[in-house]
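1. Task: produce atomic coordinates for the following.
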Amino acid sequence: MSWRAQVELFLRALSTEQAASPHTLQAYRGDLTEIVRWFEHGGLIRSWAQVGVADVRGFAAESLRRGLGGSSLARKLSSLRSFYRYGCRQGWFTANPALGVRSPRRARPLPRALDEAEGLKVLRAALAVLSCIVVVTPQGRASAKTAGLVLQVVPGFPVKPLGWFTDEPVRTA
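-> So this is what the prediction gives:
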């Protein structure tokens, strides 16, 4: 059976068994047709059964080298995996070579840096949470606990923890 005949049987099955939309079928047909052309251009592979993991990796590498985007390549590899999964169920193939090739990772944008005002706002909020717990001991001594550090202070004595973050003194009584 030819490359294209197998692709058409696969697409017919997608349409009838899974009720795939016309857009999905068009995308799968385009992806698989492009892959067939790439394998035929090399001339060494004459059927889907001859395709190995190295061949699929070669297609992926060449696609990226030609400037194909990562998500477009991921879609093409997904189409190929689905095709081979169907072909294995039909007994056409004994293995799915596309399973051995991972799709490219999607690029994630870096978080934007905080400007000075936003940074100070975050630091002030952290200071308010971490540094203002005051405990009065049974002996009448107060201590301010800050992130694991215990500072012994005199009751009523104003303390400015990390004074460059805030102008308000910590009250100990």
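
2. got any ranges where this structure has weak pLDDT?
-> Applying pLDDT under 70 to the chain flags residues 44, 127-173.

3. Do you have the helices of it handy? List them.
-> Assigned by DSSP state H, the helices in the chain fall at 3-17, 22-42, 53-65, 70-90, 116-130.

4. May I see these arranged in JSON lines, with mean neighbour count as well?
-> C-beta here means a position set from N, CA and C on the backbone, and glycine is covered the same way. Compiled in JSON lines, these are given as follows (neighbours: other C-beta atoms under 10 Å):
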{"stretch": "helix 3-17", "mean neighbour count": "15"}
{"stretch": "helix 22-42", "mean neighbour count": "15"}
{"stretch": "helix 53-65", "mean neighbour count": "16"}
{"stretch": "helix 70-90", "mean neighbour count": "17"}
{"stretch": "helix 116-130", "mean neighbour count": "12"}
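
5. And these: which comes nearest Gly100?
-> Of all the helices of the chain, helix 53-65 sits nearest to Gly100, with 3.7 Å by C-beta to C-beta.

6. who does that closest one touch, helix- and strand-wise?
-> Contact partners of helix 53-65 among helices and strands, from 3 or more C-beta pairs under 8 Å, 6 or more residues apart in numbering; DSSP states H and E: helix 22-42, helix 70-90.

7. possible to save these as a markdown table with distance to Ala117?
-> Shown next, in a markdown table, are those (distance: least, C-beta to C-beta, whole Å):
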| stretch | distance to Ala117 |
| --- | --- |
| helix 22-42 | 47 |
| helix 70-90 | 36 |
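
8. and Gly58, which of those is closest to it?
-> Comparing those by C-beta to C-beta, helix 22-42 comes nearest, at 8.0 Å.

9. mind checking how far the closest one is from the chain centre?
-> Put simply, helix 22-42 sits 26 Å off its chain's centre (C-alpha atoms, centre = their mean, to the nearest Å).

10. tell me the angle it makes with helix 53-65.
-> Between helix 22-42 and helix 53-65, the angle comes out at 110 degrees (axes from the mean of the first three to the mean of the last three C-alpha atoms, to 10 degrees).

11. Just the angle for helix 22-42 relative to helix 70-90, thanks.
-> Using the same axes, to 10 degrees: helix 22-42 against helix 70-90 is 90 degrees.

12. In terms of secondary structure, what does helix 22-42 contact?
-> helix 3-17, helix 53-65, helix 70-90.
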